[in-house]
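J.: No sequence on hand, only this structure:
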Ligand code: ADP
Ligand code: RBF
Ligand code: MG
């Protein structure tokens, strides 16, 4: 962990893949089309399901598990499957989504005039392909090519002799930002892999890790000064950088520091808080069956939605706890109105689920269940990262607190921008 020393960061260096952009869905597509040509008897849905279950491992490990799950041993070996999928991956002409929170972070640092560099292992040519604007735009109306416009320096893998974990690329980034070697500690590096963290630390930089390999042991990142679940959770002021101004406090719900929370910012926090999303997100689908844990173990029923057809949408969100609104738009409970909801979208670390789930708890009582009916959820605000708990009572208490954050924020009209979703509130209720 970072010592509370005078090293105040005033430069920021970013890794690209897995840190700022998300290539997961594109890799999935390549995997599906590769396997489809090898084994006709497996359906697309089976492959997507298996891919979802193998998520977050290193490529070869994921390939081994995929081959087992889909019984591919008679048609291909894991290493060969990997090569074949690699050949399918064409970056040009594809719109690659941002990692959740990436644009918010880049925009904020740019506005605060913090010099930034990109230090990517991708070659210049590959980078150009990945960044090529396809004419398609993301939610905020920006072309992908614009991502590069945030940086004062761009360093690619083919500009250095040794790749990460060697520090060379960070030395190059520092040189281009005009930072002397002895001032390396003034650079804050964002990385998603253990190799990247080693490289940044070997260069003498301050480094935060935001692991995208979910099953990587957290101690593989122990060289990092801090590990976060997503870019949404970064506390820039802990590193001497300007503090984000968009969190809103809920002054009726007291903040209690979790055991082992070493962040400096949490020492001074008094209240729970939430972050309104730049773009609200609508998630619609039939309510599916989960493990039945919600009501039985926690006394908190959650109306689960299927993650596979909603993958593209939930990729826009960091795994975590959110709140918003829900309505049931088909089935017996249709037209029961708009309900406030607090939900977890993620892997439920307390239960160590392999697969992501979307679990909205509607903040009202229902006399009977509504499986298979269509639920539409409007996700409006982020509350926190998912966490583990030592006891089930602590988990329950925390979920109930999330509900209070939601109730207070909505009672006090603290979430702006609901007007532009008028149609959603008026249709079908
Ligand atoms: P599962 O693991 O199958 O999701 P849960 O114990 O979480 O089981 O129960 C969820 C089901 O309970 C939902 O699918 C829904 O039909 C019903 N339900 C009843 N009240 C609520 C509520 N307030 N919020 C969410 N779901 C509810
Ligand atoms: N599960 C966790 O493991 N960690 C959490 O931090 C967590 N937070 C939750 C917050 C809310 C608002 C809700 C509705 C659920 C949360 N859960 C969390 C998920 C819970 O484990 C899940 O709903 C049950 O396992 C039922 O499947
Ligand atoms: Mg549930």
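T.: Received, thanks. Everything quoted here is computed from the prediction, not taken from an experiment. Numbering: from 1, shown residues only. Ligands and ions are numbered 1, 2, ... in the order given.

J.: residues contacting the nearest residue to residue 289 once chain neighbours are set aside?
T.: Using CB to CB, 6 or more residues apart in numbering and skipping the chain neighbours, the partner closest in space to residue 289 is residue 371 (6.2 Å). To be clear about C-beta, it is placed using only N, CA and C from the backbone, and glycine gets the same treatment. Taking CB atoms under 8 Å, 6 or more residues apart in numbering, we find residue 371 in contact with 287, 288, 289.

J.: among those residues, which ones are buried?
T.: For the contacts of residue 371, a burial check counting by 16 or more other CB atoms under 10 Å picks out residue 287.

J.: with the contacts of residue 371 in mind, which one is nearest to ligand 2?
T.: When those are compared for distance to ligand 2 (CB to the nearest ligand atom), residue 289 comes out closest, at 10.6 Å.

J.: what pLDDT does the closest one get?
T.: At residue 289, the pLDDT value in this model is 96.

J.: where's residue 283, which helix or strand?
T.: strand 271-286 (DSSP states H and E).

J.: ok, that strand near ligand 1 or not?
T.: No: using CB under 6 Å from any ligand atom, strand 271-286 stays clear of ligand 1, coming no nearer than 9.9 Å.

J.: For that strand, enumerate the helices and strands it packs against.
T.: In terms of contacts (3 or more CB pairs under 8 Å, 6 or more residues apart in numbering; DSSP states H and E), strand 271-286 is packed against strand 248-254, helix 311-314, strand 320-330, strand 374-384, helix 392-411.

J.: which bits of this protein sit near ligand 1?
T.: Residues of the chain lying near ligand 1 (CB under 6 Å from any ligand atom): 287, 289-296, 301-304, 361-362, 364, 366, 369-371.

J.: In strands only, show me the residues you listed.
T.: Residues of those located in strands (DSSP state E): 361, 362.

J.: Can you tell me which of the residues of the chain next to ligand 1 are buried?
T.: Using 16+ other CB under 10 Å as the burial test, the residues of the chain next to ligand 1 include 287, 290, 293, 294, 301, 302, 303, 304, 361, 362, 370 as buried.

J.: Other residues contacting stretch 238-245?
T.: Stretch 238-245 is contacted by residues 2, 7-10, 12, 108-109, 112, 114, 188, 206, 208, 225-226, 234-237, 263-265 when judged by CB under 8 Å, 6+ apart.

J.: Which members of those residues are positioned in helices?
T.: 108, 109 (DSSP state H).

J.: And the buried ones among the contacts of stretch 238-245, selectable in PyMOL?
T.: Buried subset of those, written as a PyMOL selection, criterion 16+ other CB under 10 Å:
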select buried, resi 2+7+9+12+108+109+114+188+206+208+225+226+234+235+236+263
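
J.: And residue 214, how far from residue 17?
T.: Using CB to CB, to the nearest Å, one obtains 16 Å as the distance from residue 214 to residue 17.

J.: Having no further points to raise, I will conclude here.
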